[in-house]
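Novice: let's see this in three dimensions:
(chains A, B and C)
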Amino acid sequence: MDILEGLNEEQKEAVLYFGSPLLVLAGAGSGKTKVITHKIMFLVKEVGIPLHRILAITFTNKAASEMKGRVRKTLGIDEYPPWISTFHSISAKILRMEAEHIGYAPDFIIYDEEDSKKTIRDVIKELDLNTDIYKPEKIKQIISSIKQSLDDTALEFYSFTMPHLPKIYEKYEEHLAFSNAMDFDDLLLNVVKLFKENQEILKQWQNRFDYILVDEYQDTNKVQHEILKLIVGDRNCITVVGDPQQCIYTWRGANPENILEFEQDFPNTKIIKLERNYRSTEKILLVANKVISRTKGRWKEKVLKLWTDRKGGEDIYLLKLDTDKQESLFIGKKIQQLIRDEGYSYSDFAVLIRMSYLSRNIEEVFVNLRIPYQIIGGVKFFERAEVKDILAYLRFALQPKDTQAFKRIINLPSRGIGEKTIQKIQSHYESDWIQAINDAYETFSSKIKMRLQEFLEIIDTVRKYGNKAPSEMAKYIFDTVNYEDYLVSKYPNDWEDRIANVQELFNALKEIEKSGKTFLEFLEESSLSQAQDNLQNDNSVKIMTVHASKGLEFPVVFIAGLEDGVFPSGRSFEDIEQMEEERRLFYVAVTRAKEKLFMTFSKLRAGYGNQLNETKPSRFIQDIKDHVKTFTAGKKTAKVPEKSASAYNSSSKTQTFNRTISDFKVGELVKHDVFGKGVIKGIEGNKAIVIFEGVGEKKILKDFLKR
DNA sequence: TTTGACATCATTTTT
DNA sequence: TGATGTCAAA
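Specialist: Numbering: from 1, shown residues only, chains lettered A, B, ... in the order given. As a prediction, the model looks like this:
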């Protein structure tokens, strides 16, 4: 395959540019991943850089593995490129190799969000502080933002209201250290520390890579930026690709301005803009451009303006519904209708939402309508309590320093070991929890001794075989602790689903035995797994948060819940910066659509419990209302332009759905609103197989055929 | 000391 | 809805 095949002028320029740092400002759907893949080809084939000396950083694991596959295929090689990965995975890889230099054992454990929060809660309790002032959630956020920004002024700032904050921070770090654990932020931060404190090691890592590429650069934070700066050094070997308008992770330390300041850190930066969009219709892009042109950001003049030569396109609809149930129902029915009428399949659709809990209604309706769907995001597989429980046993056996794993399982299922016993054990802690139990052992009553003995025996067995046969050990744990009974009594409503999840965990563990991966590698992968990683290419409608939709595209997109307080989120009301991010988020949502775009909002929406609350339409609607067809479902209201409402009604296929029709015969000539003329090839129940002129064969509900 | 029943609370987005 | 905190009984 030719390196420049199928690329436009700007893309070619970006691929071939070499000699100084390159910043590619690439709008949504402008082919930025393509540019990166082709650039890797160029570097290997033309510049002569060995593939394993190229470091390519993507935003998701899924993007990484897709890129790996593509590079492998286009270069016609067998092995997978080793250094295409996410920031977090690469950092973990580096830290495993260099752990000793920063005072960690190489088998450190990665604490997920829940583990970290629990650790902070423990610390706050230990220090006997008031949890109304010292809220674990908030404190986790503060610590996280400090670690992400390499700047501890926030510590001072919040110390006015929380004088013990520095103490909590310090204790939290201590806890992590003695658990031989790192939180997500540490994975990045420790790489910076490692490189800054060990010039020799930094040099070695610089020497490992001849070129560095970064995708989705707009969502990198300060630490990630720092890692890049360190690895690149004073060489000219970096290309970053991104779009400030798609920066949606400022709450994780990213900043749309970072990308614009790239030039300052990397002198002689060449900038190439990709504004030609290959994804969406002109009408969709018009709305997208409208949304983002209202931005108040300082970098307003640098906004990319997307254009396409896919002129026209289908109208974009904005629907107002009475209740959230109706909203879901509309979406479901519309999907079915488009499948029937226009030959779409389930996998062509995505429903985008601002918050994961909005998926519940939609899910319910889809179940009723028998629409196959997949929810991406929400509670992830490895975050499910039952999965974490079993994994915690394995984790603890592997790493008996792991405090959160220990606390999770020591009394699960209940074996009569409560808070006091744990405290006593903790007071004997020196090297790890097993040692602590043994040292505290003699102080306990015979009953507790027995229980601890049982626990230690389980752990001992798992320790012996855990690495070789993790799936066997998972089953062993499941049986020995009567985990099934525990699930049944704790979750009388959905224990079956939960057992199925455990079953799935067994399978996943079996897989690693086959693939030759270690259990530690598996653990690492699972803790760094992302929402998109589970995305399957099956024939189902995808329901996901806008965040999870980053980088994806779909022929038909629904954006649900366009209400003030939902989208934009109520949390963003007082903060201009946050509101700007909501706007960018909306922009990302709109630009996922290739052909059709529907936006919906509901007058009433259920909050927690099941209480219906009145809503206000999203303020973003104001910006786009001239470019979309608005209508109200059900009753017409005065506010809706007469024309639009009637336009919908006349074009609404659902209205014509119940026509009674006499039977068609094979060979009969028919007409269809969308596909035009055709001839019936066969009949299957209420559907007909029709060959349409210039369209081909389609299965169509007879109701939609005319003679 | 531990457990389980009950009340109360809050919900963005995620590596 | 579900997760967490509080309190009295075992």
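
Novice: surely residue A:308 meets residue A:283?
Specialist: No - the pair residue A:308 / residue A:283 is not scored as a contact, 10.1 Å apart, by CB atoms under 8 Å. Any C-beta I mention is one placed from the backbone N, CA and C, and that applies to glycine too.

Novice: quick one: common contacting residues for the two?
Specialist: Here residue A:308 and residue A:283 have no joint contacts, going by CB atoms under 8 Å, 6 or more residues apart in numbering.

Novice: who's residue A:683 bridged to?
Specialist: residue A:688 (DSSP bridges).

Novice: and the residue of the stretch 501-650 of chain A found nearest DNA strand B, how many neighbours?
Specialist: Nearest to DNA strand B, among the residues of the stretch 501-650 of chain A, is residue A:608, at 1.7 Å (CB to the nearest atom of the strand). Neighbourhood size, residue A:608 [other CB atoms under 10 Å]: 7.

Novice: who are the packing partners of the helix or strand hosting residue A:363?
Specialist: Taking DSSP states H and E as the definition, one finds residue A:363 inside helix A:359-369. Secondary-structure packing of helix A:359-369 (3 or more CB pairs under 8 Å, 6 or more residues apart in numbering; DSSP states H and E): helix A:324-342, strand A:349-353, strand A:373-376, strand A:541-545.

Novice: what does the stretch 551-700 of chain A put close to DNA strand C?
Specialist: A:608-609 (CB under 7 Å from any atom of the strand).

Novice: for the stretch 551-700 of chain A, what lies in contact range of DNA strand B?
Specialist: Checking the stretch 551-700 of chain A against DNA strand B by CB under 7 Å from any atom of the strand, the hits are A:569, A:571-572, A:578, A:607-609.

Novice: and the residue in the stretch 1-150 of chain A that DNA strand B sits nearest to, which of the three is it?
Specialist: Closest residue of the stretch 1-150 of chain A to DNA strand B, CB to the nearest atom of the strand: residue A:88 (3.5 Å). Of the three states, residue A:88 takes helix under DSSP: H, G, I helix; E, B strand; the rest coil.

Novice: quick check: mean pLDDT of stretch A:127-138?
Specialist: Mean pLDDT, stretch A:127-138: 84.

Novice: buried sites along that stretch?
Specialist: A:129, A:134, A:136 (16 or more other CB atoms under 10 Å).

Novice: and if you look at stretch A:250-259?
Specialist: A:250, A:253-256, A:258-259.

Novice: among the helices and strands of chain A, which has the poorest mean pLDDT?
Specialist: Comparing every helix and strand of chain A by mean pLDDT, DSSP states H and E singles out helix A:653-656 as the least confident one, with a mean of 23.

Novice: neighbouring strands of the following helix or strand past it in the sheet, and parallel or not?
Specialist: For helix A:653-656, the succeeding helix or strand toward the C-terminus, using DSSP H and E, is strand A:669-672. Strand A:669-672 pairs in its sheet with strand A:676-684 (antiparallel), strand A:705-706 (antiparallel), by DSSP bridges.

Novice: burial of residue A:372, as a residue count?
Specialist: Neighbours around residue A:372, by other CB under 10 Å: 12.

Novice: how near is it to residue A:541?
Specialist: As judged by CB to CB, to the nearest Å, residue A:372 and residue A:541 stand 7 Å apart.

Novice: mutual contacts of these two, please.
Specialist: Residues within reach of residue A:372 and of residue A:541 at once, by CB under 8 Å, 6+ apart, are A:346, A:366.

Novice: now do the phi/psi pair for the residue of the stretch 301-450 of chain A found nearest DNA strand B.
Specialist: Distances between the stretch 301-450 of chain A and DNA strand B by CB to the nearest atom of the strand are smallest at residue A:418, namely 2.3 Å. Torsion angles at residue A:418 (phi, psi; degrees, to the nearest 10) stand at phi -100, psi -160.

Novice: got the contact list for the residue of the stretch 351-500 of chain A found nearest DNA strand C?
Specialist: For the stretch 351-500 of chain A, the residue closest to DNA strand C is residue A:385, as judged by CB to the nearest atom of the strand, at 6.4 Å. By CB under 8 Å, 6+ apart, residue A:385 lies in contact with residue A:498.

Novice: show me which positions of stretch A:225-242 end up buried.
Specialist: So, applying 16+ other CB under 10 Å, buried residues of stretch A:225-242: A:225-228, A:230-232, A:237-242.

Novice: over to stretch A:101-110?
Specialist: A:102, A:104, A:108-110.

Novice: kindly report the same for stretch A:485-504.
Specialist: A:486-487, A:495, A:498-499, A:501-502.

Novice: next one: stretch A:272-279
Specialist: By neighbour count on 16+ other CB under 10 Å, the buried set for stretch A:272-279 is A:272-274, A:276-277, A:279.

Novice: returning to what we had before: please, which helix or strand holds the residue of the stretch 501-650 of chain A closest to DNA strand B?
Specialist: Counting by DSSP H and E, there is no helix or strand that carries residue A:608.

Novice: pLDDT score for it?
Specialist: Residue A:608 is assigned a predicted lDDT (pLDDT) of 76.

Novice: next up, phi/psi of it, please.
Specialist: phi -70, psi 170.

Novice: swap in the one 5 residues further on?
Specialist: For residue A:613, the backbone dihedrals (degrees, to the nearest 10) come out as phi -110, psi 150.

Novice: from DNA strand C, how far out is it?
Specialist: Going from residue A:613 to DNA strand C by CB to the nearest atom of the strand, to the nearest Å gives 14 Å.

Novice: again, but for residue A:44
Specialist: Going from residue A:44 to DNA strand C by CB to the nearest atom of the strand gives 48 Å.

Novice: residue A:311 belongs to a strand?
Specialist: No - counting by three-state DSSP, residue A:311 falls outside a strand, being coil.

Novice: with adjacent residues omitted, what lies nearest to it?
Specialist: Counting by CB to CB, 6 or more residues apart in numbering, the nearest residue to residue A:311 once its immediate chain neighbours are dropped is residue A:282, at 5.2 Å.

Novice: hmm, residue A:306 and that neighbour touching each other?
Specialist: No - if you go by CB under 8 Å, residue A:282 and residue A:306 don't touch, sitting 9.8 Å apart.

Novice: please, which helix or strand holds residue A:468?
Specialist: Per DSSP H and E, there is no helix or strand for residue A:468.
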